[in-house]
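> Quick one: sequence and predicted model below, then my questions.
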Amino acid sequence: MVFHPLAAIATTPQAIQLLHPLSKQLGATLYIPNSLELSQTNVSCYQGALKNHLHSIWSQHRAFIFCLASGAVVRLVAPLLKDKASDPAIIIVDPTGNYVISLCSSHQGGADHLTQLIAHQINAQPIITSASHHLNLPGIDLLGLPFGWQKGPGDWTGVSSAIVSQKNVQVIQEQGSKLWKQTLPQNHPFYFGIPEIGENVAFDAQVWITAKKLSFSQESTIPKVQWYPRALWVGIGCIRGTSQGLIASAIEQVFQKYHLAPEAIAGVATIDIKGDEVGLVNYCQENQYPLLTYSADILNTIKVPNPSSVVREEVATASVAEAAAIYGSNYWFNDFDNKDKSNLEKSLLVQKQIIKSDNQAVTVAIAQSDLEYTGRAGSIYLVGMGPGSLEQITPAAKTAIHNADVIIGYGLYLDLIKPLQRPGQFLQSFPITQEKKRAKKAIELGKWGLKVAMISSGDCGIYGMAGLVLEEFKNSNWDGKKPHIEVFPGITALQAAAARVGTPLMHDFCAISLSDLLTPWEVIKKRLEAAAIADFVTALYNPRSQTRQTQIIEAQTIFLKHRNPQTPVALVRNAYRQDETIIVTNLGEMLNQTIDMLTTVLIGNSSTFLHQNWMITPRGYNKGY
Ligand code: SAH
C-alpha cells in the first residue's frame, strides 16, 4: 500500500516532538504553524489558519497524520471529504503518543494499515474500528491487489457488509492465486464454488474472481462484485504494417465474442520478428502489457489445433498466434518451466480468429495461464526478528513485516510475531529443516511480484536465512535489482545473551557455531583453538543437539588447554522468550548444566570476572593505557 505523499500536522511543541521523528521514519512532510519554528528537512511552516492550509495541500497528499483533538480533526476534514474511493487516509495520534486512531478511508485509503504501522513505530495502541479488521478478514476491496488483479464492477459496499455481518457469501474463483484462502480465520463467511444439486444453500452476496465478462443485472437480489485476475495471454500474428487501431479492435472483437474481459489480459505474445511491429508495440505500450516474443524454432515445438502451411512458408513456423499464446501462458514466468510439457496446448482458450480490414489482417488467439501476471515488481525483505519478544524487534523490521504481502519463516518464529500480522497477509510456515525450500519460495514469490518478508530469529545475516536467499539469487543470475532486496538487522543471540548476564562482550569477541552439518568439524576445531589461544571472548551458537552431543565437550577441552577452569561462562537459554533460563557458571563446570539448541554459550576471556553474578569483561580503562 502506498501512502505517499504523506503529510503530518502538528500545532504544539509536544505534537512536534512526537511527529517529527515519526515523519522522518515514514518519509512524511511535517507541517507546523510558522509561530513554532523548526528548521529541519521535511518540515514545512504554514501561515494563517490550519483550515485554509489544509485546503491548499489536501489534493497533494494520500494520507494525513494529525496530532490534534479528534473533534478538531473531524471538523477540519469534514468539508474536504468526498468518497471512500478517493479520500486520503486520516489518522490521529493522541498527544501523549499512547493511541493511534484510524479515522477515515480505513480500507481503500489504507488508514487501518498506516495506523498499525505507526502504532508499531511508536509503541502505541492502534484504534481500528472497521469490522473486517476485527474479524481478521481481508477487505474484499483489497483482496486482489497483491496479485495485480483488476477491480471490476459491483456493489462493493453491499458485499463488504454481508461479509462483516458473517452472512453466506459465495465465492466463484475461476482464475488467479488461491493464496488468499490459506489464512482465512476458521469462522469466515465464504462458500467456495457452486453448490451440488440438492444442496440447500442460499447466498446473501457473491464474489466473482474470473476473466469472464459478466454483467450484473440491476435487478439482482444480492450484491455482487468481480475481480479480474490477469491470466489471459493474447497471441498475435499480423502482416507487416498492420495498424494499432486494427490490432486493438481485433482483440476487442474476439474478447467480446467469447465473453472474456480485456481487464484480465496479462500480456501479448508473438514471434520474434514482430518484436518491432510498430502498431503492436504501441498497442502494448499504451495498455502497459508486456510483449513476449519467441523464435520460430520455439513456436514450432508447440502443438496447435490450426497449423497453417502458408504461415510456415513465410515465417518458418506453422503457427504464430496460437503457438505464442500457448507458449507465453505456460512460460512467461521462467521458474515454472519445470511443469509437464506434454500437454501445454490445454491452456488455449480461444483458437485463432482472423480479423481483416482492407489489406490488413490480424490473427488473435487467447490462452490462459495458471499463474496470473501481477504487473508488480516484487520485494524481498530479509528480516531479523531478534531473540524472541516483540520489544526486541527494531521498528524498521516491524514495518517491513507489516508491509509484506507474505511472511515466510519457521513455524515457531511466525507464532512469536503473530501479533504483528494484519488481516489479509499470508503466512507460509516451513519446518526448521527446510531452509532451502523456504529460500526458494521467497524468491519465487518475490520474482512473481509479491512483497515477501523472510523471517529469521536474531539477525538474519548471522547463521540466518539472508545468506541463503542471496546465494540462491546469485545462482539464478539475479540482476541485483529485481526483485528489490532489503536486509533488516536484528539483535543476534550473542547480544541478547550478553545483555542478560552483564557485559561479557566488552572486549574482542568472536562467534563460532558448533554445528558440523554445514562446516567440517576439523575446521570448527581449528577456529575454537585459534579463538582460545587469541583470548577472544567466545560465543558458541548451536552448541548441542540431540544428534550432536560431543562437540561441546571437545570445545570445552580445547578452551581448558588455554584458559583457567574458573573462567566465567554464561549459558543463556531462550533469551527474551517465555521460558528463558540463565546460568552463570565457569569453564570447568559448564557441562554439568543443560546445554541444547536453544542455548547460547558465552565463554569469558582471561580477564572476565563475576561480581554479584554479573559477568563483566573489562574494556581496559583501569589498566591506564
Ligand atoms: N540468526 C540467529 C542464530 C541462528 S543459529 C541469531 O542471530 O541469533 C541458532 C542458534 O542461535 C541456537 O542454537 C542458539 O545457540 C542461538 N539462539 C538463537 N536464539 C536464541 C535465544 N533466544 N536464546 C539463546 N540462544 C539463542
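Alright, I've got the coordinates.

> Could you use CA atoms for every contact and neighbour count after this?
Fine.

> List the contacts of the worst-scoring helix or strand of the chain on mean pLDDT.
Lowest mean confidence among the helices and strands of the chain (mean pLDDT, DSSP states H and E): helix 131-134, at a mean of 76. Contacts with helix 131-134, where a contact means CA atoms under 8 Å, 6 or more residues apart in numbering, come from Pro138, Gly139, Ile163, Val164, Pro423.

> Looking at those, which one is closest to the ligand?
Relative to the ligand, the closest of those is Pro423; by CA to the nearest ligand atom it sits at 27.2 Å.

> which element is that closest one on?
For Pro423, there is no helix or strand it lies in under DSSP states H and E.

> For it, the count of nearby residues, please.
18 (other CA atoms under 10 Å).

> which ones are touching it?
Per CA under 8 Å, 6+ apart, neighbours of Pro423: His133, Asn136, Leu137, Pro138.

> What is the nearest of those residues to Tyr294?
Pro138 (39.2 Å; CA to CA).

> And that closest one, what's its pLDDT?
Pro138 is assigned 84 on the pLDDT scale.

> Tell me the one of the contacts of Pro423 nearest the ligand?
Nearest to the ligand among the contacts of Pro423, counting by CA to the nearest ligand atom, is Asn136 at 29.0 Å.

> For Asn306, grab phi and psi.
Asn306 adopts backbone torsions of phi -130, psi 70, taken as degrees, to the nearest 10.

> before we move on, the earlier item: for the least confident helix or strand of the chain, list every residue counted as buried.
Under the neighbour-count criterion of 16 or more other CA atoms under 10 Å, helix 131-134 has Ser132, His133 buried.

> Just send the contacts of Pro423 back as a markdown table, with secondary structure and distance to Lys257 too.
Converted to a markdown table, these look like this (DSSP: H, G, I helix; E, B strand; the rest coil; distance: CA to CA, whole Å):
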| residue | secondary structure | distance to Lys257 |
| --- | --- | --- |
| His133 | helix | 41 |
| Asn136 | coil | 41 |
| Leu137 | coil | 37 |
| Pro138 | coil | 34 |
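
> Give me the nearest residue to the closest residue to the ligand within the stretch 151-300 of the chain, chain neighbours excluded.
For the stretch 151-300 of the chain, the residue closest to the ligand is Thr183, as judged by CA to the nearest ligand atom, at 26.3 Å. Spatially, and ignoring its direct neighbours in sequence, Thr183 is nearest to Phe426 (5.8 Å; CA to CA, 6 or more residues apart in numbering).

> For that neighbour, give me its contacts.
By CA under 8 Å, 6+ apart, Phe426 lies in contact with Leu179, Trp180, Gln182, Thr183, Asp405, Val406, Ile407.

> Okay, and the beta partners of it?
Note on Phe426: beta-bridge partners Val406, judged by DSSP bridges.

> what stretches of the protein score poorly on pLDDT?
Within the chain, the ranges that satisfy pLDDT under 70 run 1-2, 38-39, 41, 334-340, 624-625.

> again, only this time at 50
Scanning the chain with the threshold set as pLDDT under 50 gives 336.

> which parts of it sit against the ligand?
Within reach of the ligand by CA under 6 Å from any ligand atom, the chain has these residues: 387-388, 456-460, 462-464, 492-493, 541-543, 572-576, 597-600.

> For ChimeraX, write the selection for the buried entries among those.
Those of the residues of the chain next to the ligand that count as buried under 16+ other CA under 10 Å are selected in ChimeraX with:
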select :387,388,456,457,458,459,460,462,463,464,492,493,541,542,543,572,573,574,575,576,598,599,600
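
> So which of the residues of the chain next to the ligand belong to helices?
Among those, the members falling in helices (DSSP state H) are Ala493.

> quick one: stretch 20-34 to chain centroid distance?
From the chain centre to the centre of stretch 20-34 is a distance of 26 Å (CA atoms, centre = their mean, to the nearest Å).

> List of residues touching that stretch?
Contact with stretch 20-34 is made by 4-11, 16, 19, 42-48, 50, 118, 121-122, as judged by CA under 8 Å, 6+ apart.

> tell me the phi and psi of Thr129?
According to degrees, to the nearest 10, Thr129 has phi -110, psi 0.

> Give me the subset of the contacts of stretch 20-34 that lies in strands.
Here DSSP state E is the test, and the contacts of stretch 20-34 give Leu6, Ala7, Ala8, Ile9, Ala10, Val43, Ser44, Cys45, Tyr46 as lying in strands.

> Buried ones among the residues you listed?
Buried residues within these, counting neighbours by 16+ other CA under 10 Å: Leu6, Ala7, Ala8, Ile9, Ala10, Val43, Ser44, Tyr46.

> Going by distance to Gln244, which of those residues wins?
Distances from Gln244 to those, taken as CA to CA, are shortest for Leu6 (39.4 Å).

> so what's that closest one up against?
Gly27, Ala28, Thr29, His61, Arg62, Ala63, Phe64, Ile65.

> bridging residues for the third one?
Bridge pairing for Thr29 (DSSP bridges) gives the partners Ala7.

> Ok, the last one next?
Beta-bridge pairing of Ile65 under DSSP bridges involves Ala8, Ile91.

> Does it touch Ala8 like I think?
Yes - if you go by CA atoms under 8 Å, Ile65 and Ala8 touch, sitting 4.5 Å apart.

> before we move on, which element is Ile32 in?
Using DSSP H and E, Ile32 sits in strand 29-33.

> Kindly format the C-alpha coordinates of that strand as CSV.
Provided in CSV are the C-alpha atoms of strand 29-33 (Å, rounded to 0.1, in the frame of the first residue of the first chain):
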residue,chain,number,x,y,z
THR,A,29,6.3,16.2,5.3
LEU,A,30,5.6,17.7,8.8
TYR,A,31,3.5,20.8,8.6
ILE,A,32,3.7,23.2,11.6
PRO,A,33,2.5,26.8,12.2
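
> which stretches of the stretch 151-300 of the chain form strands?
In the stretch 151-300 of the chain, the strands defined using DSSP state E, counting those that start in this stretch lie at 169-173, 190-192, 205-209, 224-228, 232-238, 265-271, 291-294.

> what's the most buried one of these?
Ranked by mean neighbour count, those are led by strand 232-238 with a mean of 30 (mean count of other CA atoms under 10 Å).

> Not counting its own residues, what contacts that one?
211, 264-271, 320-326, 328-329, 360-369, 372.

> again, only using 6 Å
Strand 232-238 has contacts (CA atoms under 6 Å, 6 or more residues apart in numbering) with 264-270, 320-322, 324-325, 329, 361-368.

> go on, stretch 213-231?
With CA under 6 Å, 6+ apart as the test, stretch 213-231 has contacts from 149-155, 158-159, 176, 204-211, 259-261, 264-266, 368-369, 372-373.

> go again using 8 Å as the cut-off
144, 147-156, 158-159, 175-176, 203-212, 259-261, 263-266, 329, 368-374.
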